[in-house]
Structures are given as C-alpha cells and as structure tokens.
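Asker: Sequence and predicted structure are below.
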Amino acid sequence: MKWWNKIVVLEIQSWTGISVGAEHFYGKMHYGSYGEDEKKVDIEKPMTSSEAKYINEKDEHILFGSRYKKGDPTGRFNSPDEIRKIALKEWKKHFPKAQILTEGSHAVCDPQKVLDAPKTIKPVLDRLYEKAKAIGGYEGNEREMMKISDEWDIFMTRWLEDETPLDELLEGEMIQVKAKIKNKGSDDASAWIEKLDVNSEKTAKQDVENIVERFNNGLRTGELPRELVCIMTEEGSTPSMKHIWRKTNLVTLTKGLSIYDTYSCSACGITGKRYGLSEDIVRDKKYAAKKYSKCGWHLKKKKRCPGTNTNKEI
C-alpha cells in the first residue's frame, strides 16, 4: 500500500484514569510503512517557568527528584488540542513529501480524522470519516465499515499511487452502482444485488472487484467466498463528468454579428458553440436542460448485464 508513505498519523496517548497520578497527554507523529521503515517524531514544547516548577515539585518523591527549568523540552501536554496545534505547525517540516495529516492509529488503514490535507480533497476524506463514525466503526456495523474502508482505500490509491488528476478524481467521486454478486462457483441464477459506491464508471469494475477480494480475505466461519458477476450504473444516477469537447468546424463561422465555432462532446454527443474569444462553450438549445450540464446523462439508460446474453436487468 504505497499511499501509506504519503500520510502522517498523529497518535495522542494518555494514561489518565489508568495510572495513578497520570494527568498529561503525549503526542507522536508516524510516517511511512508500519515497521522498520517507519519514522517517528515526538511532539514537544519548551517548558514555562510554572510548568517546570510544577513537575519538579511533583517528582520530589523520586530519587534525586527532577531538575527542570524554563525552556527545557517536554512531551507532557495538558490537553490534546495543544498537541494538535504543534503537529499542524510542524508536520510538513519533518515530512515534506507527505500530503495528509491524520489523527488516530498508525497501525490501521481505515478512515481517520483528517487534520490537514489539500482543501479540494479534505471534504471527501471528512465525509468518509464521518460515515465510519456514524455507524460506530467495526463494532457498530462490521460489513458497512468494510465498505467505507474500501472507499477510503480506493480513493487514496487512485489519488496518491495512480496519481489520477484531482479534477478527474473529484468529478467522478463516488457514484453508485448495482453489483450482481454470487457465491464463488455457484450458478448465476443464485446471484443477488448489492448497491456499492465506486469512484467512477470507468473504474467501477476494478473497484467492486477490490471490495469482493477484501471480503474474501476476511471470511468468518460459515461464510463462502464471493465473486462479481457484473455491474451497471445505478438507474437514475448520473456520474458527474465533464464534457469532452471537440471542435467540429475547420474555419470560424459567422452569422450576422456573431462569430463562433461549433463543438461536439466525443463521449455523449451533445453539441454547442463557443462565441468570440470566450472560453465557455454554450450548449445548443435542444441540450439546454440541466441534465445535459454534465456528461454521463446518456448512461441512465437501462443496460443488460455486460458479458451475458440475458435480458435480465440488475
């Protein structure tokens, strides 16, 4: 999982309520693959005079006591917010190649609270984290949590590993498909339908196969491995994609006082015109309705199950 090397995870710990006399919080930033390649940085701050005095008095019972003074570094914090504030200020300095700062556990790859990320990406990550939080994580709904975790993994892989351009990634973000699933080796007639979120029409098959593979890797007693039969775009759901405009006239046209060029979308076929020096393409009147504003409207038609000769809708 290469994208893990582009994330910094802030872990905040405290032994308050566990160890007698414990009252502080401690923070550590983790970067890189879990294990020997991992890099760690402790969150510290310079002590104030009052903090140094307090710790020295508190540690009097220890042999030789403590001899802290103002300005000495300390990893003891009075609140998690103090730690977050320093992490937000310093994480890029320590890990310049990282692109996201999260808070949670470095030992898991599930959605975690995002402290800092590119502003175009953060809302997507926040949405997945809130979805996971709302169902109570694996303890609340294990199957649903696995789906949310898969969404997180697919998004991170496409963005950080495949380096999919952000505009393309966000334009096709999380459309819903119907997936026809069956137990591995069984007859197609025994298949059932599941609604799943995927990144785009283009990647839907691979995204669903990844979800099925993850399910199979985590089988519990009595569960059977599954396989994908086919998928189709959810009827009534239109993927949000930009039109791919192609100029269709060789020479700029004129009509009265208007100067314009004609265009056609190579994906869905709608037509439009670009007037004068404007960069905007205006859809022709017959495509003025809102449903034509994004490419993908034509995918709303019912389809057969790809790769089969049946007329069954899924």
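Answerer: Looks like it arrived, so ask away. Numbers count the residues shown, from 1 in each chain.

Asker: Could you list every helix and strand that the host helix or strand of residue 259 packs against?
Answerer: Take DSSP states H and E as the rule and residue 259 turns out to sit in strand 258-265. Packing partners of strand 258-265 (3 or more CB pairs under 8 Å, 6 or more residues apart in numbering; DSSP states H and E): strand 245-247, strand 253-255, strand 271-275. Using the backbone N, CA and C atoms, a C-beta is placed for each residue, glycine as well.

Asker: How far does the longest one sit from its chain's centre?
Answerer: Strand 271-275 has its average C-alpha position 36 Å from the chain's average C-alpha position, going by CA atoms, centre = their mean, to the nearest Å.

Asker: so what strands line up beside it?
Answerer: strand 258-265 (antiparallel), strand 282-283 (antiparallel) (DSSP bridges).

Asker: so where do the strands sit in the stretch 51-200 of the chain?
Answerer: With DSSP state E, counting those that start in this stretch as the definition, the stretch 51-200 of the chain shows strands at residue ranges 73-74, 100-103, 113-116, 175-183, 192-198.

Asker: Who are the contact partners of the residue nearest to residue 92 when sequence neighbours are not counted?
Answerer: Computed as CB to CB, 6 or more residues apart in numbering, the closest residue to residue 92 that is not its neighbour in sequence is residue 98, at 7.2 Å. Applying CB atoms under 8 Å, 6 or more residues apart in numbering to residue 98 gives the contacts 6-8, 31, 91-92.

Asker: With only the CA atoms kept, save stretch 69-80 in PDB.
Answerer: These are the backbone C-alpha positions of stretch 69-80, laid out as PDB (Å, rounded to 0.1, in the frame of the first residue of the first chain):
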ATOM      1  CA  LYS A  69      14.000  24.700  34.200                       C
ATOM      2  CA  LYS A  70      12.300  27.100  31.900                       C
ATOM      3  CA  GLY A  71      12.900  26.300  28.200                       C
ATOM      4  CA  ASP A  72      13.600  22.600  28.700                       C
ATOM      5  CA  PRO A  73      11.800  20.400  26.100                       C
ATOM      6  CA  THR A  74       8.900  18.400  27.400                       C
ATOM      7  CA  GLY A  75       6.400  16.000  25.800                       C
ATOM      8  CA  ARG A  76       3.900  16.500  28.600                       C
ATOM      9  CA  PHE A  77       0.800  18.400  27.500                       C
ATOM     10  CA  ASN A  78      -2.300  19.500  29.400                       C
ATOM     11  CA  SER A  79      -4.700  18.800  26.500                       C
ATOM     12  CA  PRO A  80      -4.900  17.100  23.100                       C
END
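
Asker: Mind listing what's buried along that stretch?
Answerer: Residues of stretch 69-80 classed as buried: 74, 77, 80 (neighbour count, 16 or more other CB atoms under 10 Å).

Asker: need the helices and strands packed on strand 258-265 in CSV with mean neighbour count, can you?
Answerer: What follows is those, written out as CSV (neighbours: other CB atoms under 10 Å):
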stretch, mean neighbour count
strand 245-247, 13
strand 253-255, 10
strand 271-275, 17
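
Asker: got those strands as TSV, with mean pLDDT and distance to residue 121 columns?
Answerer: Formatted as TSV, the helices and strands packed on strand 258-265 follow (pLDDT from 0 to 100; distance: least, CB to CB, whole Å):
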stretch	mean pLDDT	distance to residue 121
strand 245-247	83	26
strand 253-255	86	41
strand 271-275	90	30
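
Asker: Now find how far off-centre stretch 139-146 is within its chain.
Answerer: 17 Å.

Asker: Residue numbering should commence at 51 henceforth.
Answerer: New numbering, starting at 51: the last item is stretch 189-196.

Asker: Any buried residues in that stretch, and which?
Answerer: Of the residues in stretch 189-196, those buried (16+ other CB under 10 Å) are 194-196.
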